[in-house]
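Enquirer: whatever this is, show me its structure:
(one chain, ligands or ions: 1)
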Amino acid sequence: MKQTIDLKVFISTQDSSCGECRENLGRKAWITLNDEKGALCLSCADLDHLIFLPSGEAALTRRARKHSTLTAVVLQWSGARKRYERQGLLVEAEALEQAEQECLADSEARARRREREVARRVELDRHYVESFAERVRDLFPGCPAGREQVIAEHACLKYSGRVGRSAAAKNLDENAVRLAVIAHIRHAETDYDELLASGYDRRVARAQVAEAVERILAQWETLI
Ligand SMILES: [Zn+2]
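Expert: Below is the predicted model of the structure:
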């Protein structure tokens, strides 16, 4: 059930670009390291649906990790201390919510939660999310109600915060929307995340769920 490994995400200290989508990520981008391709942006690594929980709240972190299928430790190199330092944990949104509820008895946790919600809302560009959601609905009329919103918020997060400003070319073309939908299906409708969490190579895991993804994509493309 619960994964045995934490994936690692690094906050880069220099200019980097993604070895898969080739996007220039700018400085301080959040990346994973891949044996073949070098740095990968979190979207290509299929980790961009995870929410960042900064270090410092031990109980919340412990509970969130327990509830999250997929987690990644965020590390940053400290030049002064000459070692990687842990900045926090990337966890699933639902796992964080569940953990927060368990911590809610504590009024301080309640206050922190409000702060985080405000921060998250600021991150989302409302207008972009709306346009993106509309595009998803047009191109995938068979997708379950409400999913277009989830997919759009995701796509919007990708272009803020964790990706360098240089990569902020907000894209509404059919291919970009399609890729966002595929990524969503992979992680919401298949056991891809469980495969990653149990240590499968991303390529092997993708191949394993490819057929299921194609089938669901075809369903969503048709109006039932
Ligand atoms: Zn990429």
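Enquirer: ranking helices and strands of the chain by mean pLDDT, which lands last?
Expert: helix 107-123 (a mean of 72; mean pLDDT, DSSP states H and E).
Enquirer: what pairs with the longest strand along the chain, parallel or antiparallel?
Expert: Counting residues, the longest strand found in the chain (DSSP state E) is strand 83-91. Using DSSP bridges, the strands paired with strand 83-91 are strand 51-54 (antiparallel), strand 72-78 (antiparallel).
Enquirer: what's next to it, contact-wise?
Expert: 6, 9-11, 47, 50-56, 61, 64-65, 67-68, 71-78, 99 (Cβ atoms under 8 Å, 6 or more residues apart in numbering). C-beta coordinates here come from the backbone N, C-alpha and C atoms, glycine included.
Enquirer: again, only this time at 6 Å
Expert: The contact list for strand 83-91 (Cβ atoms under 6 Å, 6 or more residues apart in numbering) reads 50, 52-55, 61, 64, 68, 71-78.
Enquirer: now swap in stretch 143-151 and tell me
Expert: If you take Cβ under 6 Å, 6+ apart as the criterion, stretch 143-151 is touched by Ala133, Val136, Arg137, Ala180, Val181, His184, Trp220.
Enquirer: which secondary structure element is home to the fourth one?
Expert: By that I understand Ala180. helix 174-189 (DSSP states H and E).
Enquirer: now the element after the least confident helix or strand of the chain, going C-ward?
Expert: Toward the C-terminus, helix 107-123 is succeeded by helix 126-139 as the next helix or strand (DSSP H and E).
Enquirer: quick check: what element follows that next one along the chain?
Expert: helix 147-158.
Enquirer: average pLDDT for that next one?
Expert: The average pLDDT for helix 147-158 rounds to 84.
Enquirer: can you check stretch 182-189 too?
Expert: Averaged across stretch 182-189, the pLDDT comes to 92.
Enquirer: does it come close to the ion?
Expert: No. Using Cβ under 5 Å from the ion, stretch 182-189 never reaches the ion; the gap is at least 11.1 Å.
Enquirer: just want the most central residue of the protein.
Expert: The C-alpha lying nearest the average C-alpha coordinate of the chain belongs to Asp48 (Cα atoms, centre = their mean; 1.7 Å).
Enquirer: sorry, back to before: output the longest strand of the chain as CSV, restricted to C-alpha atoms.
Expert: This file holds the C-alpha atoms of strand 83-91, laid out as CSV (Å, rounded to 0.1, in the frame of the first residue of the first chain):
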residue,chain,number,x,y,z
ARG,A,83,25.5,19.5,1.8
TYR,A,84,22.0,19.1,0.6
GLU,A,85,19.4,20.4,3.0
ARG,A,86,15.8,19.3,3.2
GLN,A,87,13.3,22.1,2.4
GLY,A,88,10.2,20.1,2.8
LEU,A,89,8.1,17.4,1.3
LEU,A,90,5.9,17.2,-1.9
VAL,A,91,2.7,15.3,-1.1
